[in-house]
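1. Sequence plus the predicted model coming up.
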Amino acid sequence: MKEIRFVDTTLRDGHQSLWATRMRTAHMLPIAPLLDQAGFMAAELMGTVHFDACLRYLREDPWERIRLLSEALPNTPLRALIRSKSLTSFNIVPDSVIKLWIERCAANGIKHLMIFDALHDWNNLSKSVPIAQAAGIQVVVPLVYSLSPVHTDEFYARKTAEMMRTLKPDYVMIKDSIGLLTPDRVRTLVPTIKAEIGDLPLEIHSHCTTGLAPLCCLDSVNLGVDIIDTCVSPLANGPSHPSIENMIMNLRRLGFRPKADKDAVEKIAEHFRYIAKREDRPMGVPVEYDAFQYIHQVPGGMISNLEFMLSERGMAHRLEEVLEEVSVIREEWGYPVMITPFSQLVGTQAVLNVLLEERYKVATEEGIRYVLGHYGKTPAPVDLNVLDKMSALPEAKELLNWEQPQPSIEELRKEVGRPGISDDELLLRVLFPAEHVEATIAAGPIHTHYPRGDKPVMALIHELVREKDLSYLCLQKEAFSLSLKRSFV
């Protein structure tokens, strides 16, 4: 009975997929002891978008979140992820910032780091992977799955061999962020990658966007996958990941030994089900199969953003036209994988092309950077006619001979003008809008008190005690009786 391990993505990708990255630290901490007992290989906590959400919407210091959860889960490594050279936004940041970011992740409690480049241009990761490993972090490098004439099994075999030779990761992952994997493709892709990585652990990360991810994950373990990324059921399915409850049940029936405490998992699910109801958040449900997903390849969350952009201009009825344009642009741009930041770049260009009724009349700076190769080598060459047209735009003038500035941390500290601040605060001020950093600092320490949803009686008492005008409380069940009385002075 082969043992299958799990990375829990509830605290990172689960709420990113279903709750717009709005889970608070207080939602996580009460159930942390059970998360720590569940037997997960790692618990994903932070992506770069979570830093932005913490500052912009929650007014929580993201570094403090890491420290609090690291202390609360002493036996379960916390995982974060970073995007190549763009790190937290669509901009390309200096090497000194990436180095300090990784070192501060390690110092604050991150033990695993997913470092990915959606172009599979490993030159972009040649510095960050060894920096992380030198800081004591285990690194997983993903092969980001996509469909195109370029992204064949031979392409992934070549890129895996290059990765093993140049980066030497601790784990390798198949990262299917758009939910495009099918069982047929799993049966050829997994053995192809396994042949290149040997005994190195192989992890699968697949979203349920087309409803096939659970089956793909189950099929993959027969072919050599060792680790599955899952969420507890309230934050699974839909655009999120397969539920761990479903994986445990089916893996056992297929003769595998899932390394997870089923009782702990069920209580964790109860907690987040309680939060979803209390905070009026959606819970994930299985989706119906949609063949169009394989054509436009736009992630589910981004489709809602495109709908919003179009509806603001009274053009919501043109969504399908925009999605068709996405597939055309993607071919012209050399088949970028449709995940951040490239999905946003392609999607925005598609909206511009459709609404202005002239293709490439206008382009964003980031789109121009992409076709000029600033983000790295594209999977296939950019269409020369498109490259010429975008290069001739006024916005491209300053970018044609651009070289990335490489200021030192000392220079950035002088630029920020706050010599006494910590490295953690410096990174926030360098990478995020000042008003959000200031508002988060003003908000003070993270609020950490929240009832545990798997203990309904205690949660009820917690809720009732919060009522300011309640002076007397009596709970009775059979022979048990509890009375509480509040004294008003």
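-> Good, I have the coordinates.
2. so what are the domain limits for the protein?
-> 3-278, 293-396, 456-485 (automatic domain parsing).
3. least reliable of those domains going by mean pLDDT?
-> Lowest mean pLDDT within the domains of the chain: domain 456-485, at a mean of 69.
4. hmm, back to that, looking at the domains of the chain, which is closest to Tyr450?
-> With CB to CB, the closest approach to Tyr450 among these belongs to domain 3-278: 4.1 Å. From N, CA and C alone the C-beta is placed, and that goes for glycine too.
5. how about the strands in this protein?
-> Counting by DSSP state E, one finds strands in the chain at the ranges 3-8, 42-46, 78-83, 110-116, 138-144, 171-176, 202-206, 227-230, 257-258, 472-477, 480-485.
6. The fifth one: how far from the chain's middle?
-> Yep, that's strand 138-144 we're talking about. Here strand 138-144 is found 13 Å from its chain centre; the criterion is CA atoms, centre = their mean, to the nearest Å.
7. follow-up on the earlier one: just say which of the strands of the chain is most tucked in.
-> strand 227-230 (a mean of 28; mean count of other CB atoms under 10 Å).
8. How about residues contacting it?
-> Outside strand 227-230, the residues within contact range by CB atoms under 8 Å, 6 or more residues apart in numbering are 4-9, 13, 41, 44, 171, 201-206, 217, 220-221, 236, 241-244, 247.
9. sorry, back to before: the strands of the chain into TSV, with extra columns for distance to Leu58?
-> Listed next are these as TSV, based on distance: least, CB to CB, whole Å:
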stretch	distance to Leu58
strand 3-8	21
strand 42-46	13
strand 78-83	17
strand 110-116	19
strand 138-144	27
strand 171-176	26
strand 202-206	25
strand 227-230	24
strand 257-258	33
strand 472-477	31
strand 480-485	32
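10. For Glu331, which of those is the nearest?
-> It's strand 138-144; of these, that one is closest to Glu331 (CB to CB) at 17.8 Å.
11. Please name whichever of the strands of the chain is nearest to Leu352.
-> strand 78-83 (23.4 Å).
12. and the closest one, what does it pack onto?
-> Contacts defined by 3 or more CB pairs under 8 Å, 6 or more residues apart in numbering; DSSP states H and E place strand 78-83 against strand 42-46, helix 48-53, helix 62-72, helix 95-108, strand 110-116.
13. Please name whichever of the strands of the chain is nearest to Thr364.
-> Taking CB to CB, strand 78-83 is the member of the strands of the chain nearest to Thr364, at 17.6 Å.
14. Give me the distance from that closest one to the chain's centre.
-> 8 Å.
15. How about stretch 192-199?
-> Here stretch 192-199 shows a centroid-to-chain-centroid distance of 25 Å under the convention CA atoms, centre = their mean.
16. Identify the residues contacting that stretch?
-> Leu143, Asp153, Tyr156, Ala157, Thr160, Ala161, Met164, Val172, Ile174, Leu202, Leu223, Gly224.
17. For my notes, please list these in a markdown table and give distance to Ile102 for each entry.
-> Listed next are the contacts of stretch 192-199 as a markdown table, based on distance: CB to CB, whole Å:
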| residue | distance to Ile102 |
| --- | --- |
| Leu143 | 21 |
| Asp153 | 32 |
| Tyr156 | 26 |
| Ala157 | 29 |
| Thr160 | 23 |
| Ala161 | 25 |
| Met164 | 21 |
| Val172 | 19 |
| Ile174 | 23 |
| Leu202 | 24 |
| Leu223 | 32 |
| Gly224 | 30 |
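18. quick one: which of these is nearest Glu398?
-> Once CB to CB is applied, the member of these that ends up nearest Glu398 is Leu143, at 34.3 Å.
19. Now Thr9: closest residue in space that isn't a chain neighbour?
-> Glu44 (4.6 Å; CB to CB, 6 or more residues apart in numbering).
20. for the one you found, what are its contacts?
-> Val7, Asp8, Thr9, Leu11, Arg12, Asp13, Leu78, Arg79, Ala80, Leu81, Met114, Asp229.
21. same thing with Gly224?
-> Neighbours of Gly224 in contact, by CB under 8 Å, 6+ apart: Val190, Pro191, Lys194, Leu202.
22. Go again with 6 Å.
-> Val190, Lys194 (CB atoms under 6 Å, 6 or more residues apart in numbering).
23. where does it fall, phi/psi-wise?
-> Per-residue torsions, Gly224: phi 120, psi 0 (degrees, to the nearest 10).
24. gap between it and Leu200?
-> According to CB to CB, to the nearest Å, Gly224 and Leu200 sit 11 Å apart.
25. re the thing from before, Thr21 versus the residue nearest to Thr9, what's the distance?
-> Separation of Glu44 from Thr21 (CB to CB): 13 Å.
26. again with Gln297
-> 22 Å.
27. So between the two, which is more surrounded?
-> Per other CB atoms under 10 Å, whichever of Gln297 and Thr21 has more neighbours is Gln297, with 26 against 20.
28. So that one is in contact with Ile178, correct?
-> Yes. The criterion here is CB atoms under 6 Å, and Gln297 meets it with Ile178 at 5.4 Å.
29. Give the intersection of the neighbour lists for the two.
-> Overlap of the contact sets of Gln297 and Ile178 (by CB under 6 Å, 6+ apart) consists of Met338.
30. before we move on, the earlier item: will you turn the helices and strands packed on strand 78-83 into a markdown table that also has distance to Ala479?
-> As requested, the helices and strands packed on strand 78-83 are arranged in a markdown table below (distance: least, CB to CB, whole Å):
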| stretch | distance to Ala479 |
| --- | --- |
| strand 42-46 | 40 |
| helix 48-53 | 47 |
| helix 62-72 | 35 |
| helix 95-108 | 48 |
| strand 110-116 | 47 |
